[in-house]
Structure formats: structure tokens, C-alpha cells
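K.L.:
Quick one: sequence and predicted model below, then my questions.
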Amino acid sequence: QVQLVESGGGLVQAGGSLRLSCAASGRMFSSYVMGWFRQAPGKEREFVAAIRWSGGSTSYADSVKGRFAVSRDNAKNTVYLQMYSLKPEDTAVYYCATGSDLTGYKFWGQGTQVTVSS
């Protein structure tokens, strides 16, 4: 089992920045991928960004490309989502999740609220 705990959410004005953290514990494998997702009220959950624990390759949704950056600290088993130039449409509950290419995103955190005011 893997436990994920997100932190760093909050209220920020449009154009501002926030950094989310996702601390992982439990049985992690280097082959795992860590993903960030978000869900706004009344909308479906959507992919935001992902990073591989091994190698560090990243991927981003088009809507956040160039504004968000995902990184990891393997020693701390923590993944970060640095968000710049935030927009009101970035308002959502942000979740981190992890798993393998075989299982998909099997483990999820509880989420952290990000609210961007205009």
C-alpha cells in the first residue's frame, strides 16, 4: 500500500503562484509514475501533470504547459507541482496519484483545494 498526502493549497490572486507537495509513504517502486489531477466543481477530474520516479520524465496537460512544473525529491519521497501565472480556471481540488504503467493510478491522496480569485 502507498499513502499520499497533499499540501500547499490555498487562496491566491490571479497571476500568483503556489507550490503543491505530495508526500508518499509505503511500498513505492521506482517504476511508478506520480501524477497530478484536478477536479473543479461540476466538472470531471482531469489530468494536469506527471513525472516518473525513475528518470524524471514529465508530461503536462496543454492547459498548464509553460505555467506549471512538476518535480520530485526521491530522497524525501515527495513530488511537487509548482504553479505559476495562475488563472481563475485553475481553481479546483488537486490530487496526486501514483501507480505503475500496468495498474494505472492505483493510489490517491485526499486532495488539496486551490482557489484562484480574479
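P.N.:
Alright, I've got the coordinates. Numbers count the residues shown, from 1 in each chain.

K.L.:
Please make it C-alpha for all contacts and neighbour counts, starting now.
P.N.:
Will do.

K.L.:
can you pull the contacts of the residue lying closest to residue 60 once chain neighbours are set aside?
P.N.:
The shortest distance from residue 60 to any residue that is not its chain neighbour, by CA to CA, 6 or more residues apart in numbering, is 4.3 Å, and that residue is residue 49. Neighbouring residues of residue 49 by CA atoms under 8 Å, 6 or more residues apart in numbering: 35-37, 58-61, 70.

K.L.:
Spell out which strands sit alongside the helix or strand containing residue 49 in the sheet and which way each one runs.
P.N.:
With elements taken from DSSP states H and E, the one containing residue 49 is strand 46-52. Strand 46-52 pairs in its sheet with strand 33-39 (antiparallel), strand 58-60 (antiparallel), by DSSP bridges.

K.L.:
contact partners of the shortest one?
P.N.:
Read it as strand 58-60. Identification of contacts with strand 58-60 by CA under 8 Å, 6+ apart yields 47-52, 70.

K.L.:
SS state for residue 75?
P.N.:
Counting by DSSP: H, G, I helix; E, B strand; the rest coil, the backbone at residue 75 sits in helix.

K.L.:
residue closest to the middle of this protein?
P.N.:
Centre of the chain computed as the mean C-alpha position; nearest residue by CA atoms, centre = their mean is residue 36, 2.7 Å away.

K.L.:
quick one: contacts for it?
P.N.:
Under the criterion of CA under 8 Å, 6+ apart, the contact list for residue 36 reads 47-50, 81, 94-97.

K.L.:
secondary structure element for the residue lying closest to it once chain neighbours are set aside?
P.N.:
Across the structure, with CA to CA, 6+ apart as the measure, the residue nearest residue 36 apart from its sequence neighbours is residue 96 (4.5 Å). Per DSSP H and E, residue 96 falls inside strand 92-99.

K.L.:
Starting from that strand, tell me which strands it pairs with and how they run.
P.N.:
strand 33-39 (antiparallel), strand 107-108 (antiparallel), strand 112-117 (antiparallel).

K.L.:
which parts of the longest one are buried?
P.N.:
The one in question is strand 33-39. By neighbour count with 16 or more other CA atoms under 10 Å, strand 33-39 contains the buried residues 33-39.
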